[in-house]
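>>> no sequence on this one, just coordinates:
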């Protein structure tokens, strides 16, 4: 995909980003009727095919040399699964962080402030985060946007400078951020990765049996895994009682 084509594909994605990400975290539990379009669920939080496609497109834009299959794998394992894991584990804290972020956004838009060097980030998507990178593609310079959902945090951001690179993954940004973490202090990505292995993965769309990497299906607790575990436990208990 050419640089121009990649940038053109980002516009509709960025347009729907904030509405999609801010709505995340309001799911049901396994066994309930899933919202239309749900393909997976992590600890009861539904994940739609549109969300998977959206994040996959972002990954493809910043990593043009990687295969399409790898784009989708990285979208799931590097972004969506850990994000939903944190939202499921710390849902009440996330709700509080979301309310705080929305309140501050209203204040910042009502009374614009000068850039604060202590809150500045300078670099490409790897520095500012994939979700923020996507949200800022079409954002007016100097305007606060958000809340933007990340892994274990919500973020407000405003772009002070955006210099396009040879392809979108090499775009250079100067931004200011306000963060609202909702995981316990000191919780890093490794800790969230460990937590992911203890979550329940529900494959709603059978097509995703082929899409979710085998290692992740083996480590995360799928519905079939739990059914097998329950059966084995019941059999063991029955044998002990005989």
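Arrived safely, thanks for sending. Because the structure is a prediction, the values reported are computed rather than measured.
>>> what ranges do the helices span in this structure?
3-15, 17-23, 49-62, 68-75, 81-89, 91-110, 125-128, 130-135, 189-196, 208-211, 214-219, 223-241 (DSSP state H).
>>> Residue 73 is in contact with residue 213, correct?
Yes - between residue 213 and residue 73 there is a contact under C-beta atoms under 8 Å: 5.6 Å. Heads up, the C-betas are built off the backbone N, CA and C, glycines and all.
>>> Need phi/psi at residue 140.
Backbone torsions of residue 140, given as degrees, to the nearest 10, read phi -60, psi 140.
>>> who are the neighbours in contact with it?
By C-beta atoms under 8 Å, 6 or more residues apart in numbering, residue 140 lies in contact with residue 159.
>>> roughly how far apart are it and residue 189?
Distance of residue 140 to residue 189, computed by C-beta to C-beta, to the nearest Å: 31 Å.
>>> Please apply the same query to residue 168.
23 Å.
>>> can you check residue 213 too?
With C-beta to C-beta as the criterion, residue 213 and residue 189 are 18 Å apart.
>>> before we move on, what about residue 135?
Counting by C-beta to C-beta - residue 135 and residue 189 are separated by 20 Å.
>>> Between these two, which is the more surrounded one?
residue 135 (25 against 11; other C-beta atoms under 10 Å).
>>> Can you get me a residue count around residue 38?
Residue 38: 19 neighbours (other C-beta under 10 Å).
>>> Help me confirm that it comes into contact with residue 48.
Yes - with contact defined as C-beta under 8 Å, residue 38 reaches residue 48; the gap is 5.7 Å.
>>> Common neighbours of the two, please.
Joint contacts of residue 38 and residue 48 (C-beta under 8 Å, 6+ apart) do not exist.
>>> related to what we said a few turns ago, what about residue 213 and residue 73, which has more around it?
residue 73 (18 against 13).
>>> Could you double-check that that one sits in contact with residue 215?
No - contact criterion C-beta under 8 Å: residue 73 and residue 215 do not qualify, at 10.2 Å.
>>> Now residue 207. Its backbone dihedrals?
Dihedral angles for residue 207 - degrees, to the nearest 10 - are phi -60, psi -30.
>>> Please disregard the earlier target; I meant residue 65.
Dihedral angles (degrees, to the nearest 10) for residue 65: phi -90, psi 0.
>>> For residue 72, see how far away it is.
Residue 65 is 15 Å from residue 72, by C-beta to C-beta.
>>> Between those two, which is the more surrounded one?
Higher neighbour count among residue 65 and residue 72: residue 72, with 21 against 7, using other C-beta under 10 Å.
>>> Identify the residues contacting that one.
Shown in contact with residue 72 (C-beta under 8 Å, 6+ apart): 52, 56, 59, 211.
>>> Show the model's pLDDT score for residue 19.
As predicted, residue 19 sits at a pLDDT of 38.
>>> Number of residues surrounding the closest residue to residue 79 other than its chain neighbours?
Among residues not flanking residue 79 along the chain, residue 55 sits closest, at 5.4 Å (C-beta to C-beta, 6 or more residues apart in numbering). Using other C-beta under 10 Å, the number of residues around residue 55 comes to 27.
>>> Residue 55 against residue 82, yeah?
No - taking C-beta under 8 Å as the definition, residue 55 is not a contact partner of residue 82, at 11.8 Å.
>>> What residues are bridge-paired with residue 120?
residue 176 (DSSP bridges).
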